[in-house]
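S.K.: after the sequence you'll find the predicted model.
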Amino acid sequence: MQKPIILAISGASGSGKSLFTQNLALKLSQHERDVLVLQEDHYYKAQDHIPIEDRAKTNYDHPDAFEHDLLNQHLQELNAGNSIEYPSYCYVTHTRLPDFDVVSPSPIIIIEGIMLLTQIQLFDQFDIKVFVDTPLDVCLMRRMLRDTQERGRTINSVAKQYEDTVKPMYHKFIEPSKTFADLIVPHGGENHLAVDVLSTYLLEGKSPI
């Protein structure tokens, strides 16, 4: 198998990374290209050794909350044409699940997550680095909807986490990391022009920059 092309798609929580990734993967699949989509969130560290009431106190918007060494190892394995044991994570119990999926590489691999461009040790695995740039007030509203509807959080808890960790960590880590991006995408997942540009590059080898 030819070495896969790996795209890293980063940006603030709620910036539209997932929608952008879905739209890009859909565009590629329409041209019969196999795409593997991975999420950095699956690499949150296991916290089984911590009482469940204390796990919520973890700063999940800090790079140290992730097991990036394992992610790096998995990307190396996929680059080499090998399968990986892709971890699962539970947002309710705030820890990694014992189950995993055996995932095989595809010609195109997209990984999306908030801290990808803060981890220079991962850059050797990335062929293209994308930063989805969305105003923070828009990100907050999206996060409110997602966390209350999908993750069982209350509005108050989401707002407190946003003020205590999400916003400060964005300014400290995520926003500066966009200087490492090859492509900065405004308007999140609705930026269909950016989807077209990237898909053209991946399908025809035309430069996206």
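M.R.: All right, it came through fine. Numbers count the residues shown, from 1 in each chain.

S.K.: by contact count, what packs against the longest helix seen in the chain?
M.R.: Taking DSSP state H as the criterion, the chain has its longest helix at helix 136-150. Contact partners of helix 136-150 among helices and strands, from 3 or more CB pairs under 8 Å, 6 or more residues apart in numbering; DSSP states H and E: helix 155-161. C-beta coordinates here come from the backbone N, C-alpha and C atoms, glycine included.

S.K.: other SSEs contacting the helix it packs on?
M.R.: Going by 3+ CB pairs under 8 Å, 6+ apart, helix 155-161 lies up against helix 136-150.

S.K.: check which residues of the helix it packs on are buried.
M.R.: 136, 139, 140, 142, 143, 144, 147 (16 or more other CB atoms under 10 Å).

S.K.: helix, strand or coil for residue 130?
M.R.: The three-state label given to residue 130 by DSSP: H, G, I helix; E, B strand; the rest coil is strand.

S.K.: how far away is it from residue 7?
M.R.: Counting by CB to CB, to the nearest Å, the separation of residue 130 from residue 7 is 6 Å.

S.K.: was I right about residue 119 contacting residue 68?
M.R.: Yes: between residue 119 and residue 68 there is a contact under CB atoms under 8 Å: 5.1 Å.

S.K.: wait, what's in contact with the residue lying farthest from the centre of the chain?
M.R.: Outermost residue of the chain with respect to the C-alpha centroid, by CA atoms, centre = their mean, is residue 51; its distance is 26.9 Å. Neighbouring residues of residue 51 by CB atoms under 8 Å, 6 or more residues apart in numbering: there are none.

S.K.: number the chain from 616, please
M.R.: Yep, numbering from 616; the last one is residue 666 now.

S.K.: show me the shaky parts of the chain.
M.R.: 616, 820-824 (pLDDT under 70).

S.K.: which element is the residue lying closest to residue 642 once chain neighbours are set aside on?
M.R.: Leaving aside its sequence neighbours, residue 642 sits nearest to residue 814 (CB to CB, 6 or more residues apart in numbering; 4.4 Å). If you go by DSSP states H and E, residue 814 is part of helix 807-819.

S.K.: now do that helix: which elements does it pack against?
M.R.: Packed next to helix 807-819, using 3+ CB pairs under 8 Å, 6+ apart, are helix 632-644, strand 743-748, strand 798-801.

S.K.: export these to JSON lines and tack on mean neighbour count and distance to residue 658?
M.R.: Putting those into JSON lines (neighbours: other CB atoms under 10 Å; distance: least, CB to CB, whole Å) gives the following:
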{"stretch": "helix 632-644", "mean neighbour count": "20", "distance to residue 658": "15"}
{"stretch": "strand 743-748", "mean neighbour count": "23", "distance to residue 658": "17"}
{"stretch": "strand 798-801", "mean neighbour count": "17", "distance to residue 658": "23"}
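
S.K.: those: which one's closest to residue 654?
M.R.: Minimum separation from residue 654 across the helices and strands packed on helix 807-819 (CB to CB) falls at helix 632-644, 8.0 Å.

S.K.: which ones are touching the nearest residue to residue 754 once chain neighbours are set aside?
M.R.: Nearest non-adjacent residue to residue 754, counting by CB to CB, 6+ apart: residue 629, 3.6 Å away. Counting by CB under 8 Å, 6+ apart, residue 629 touches 749, 753, 754, 755, 756, 757, 758, 761.
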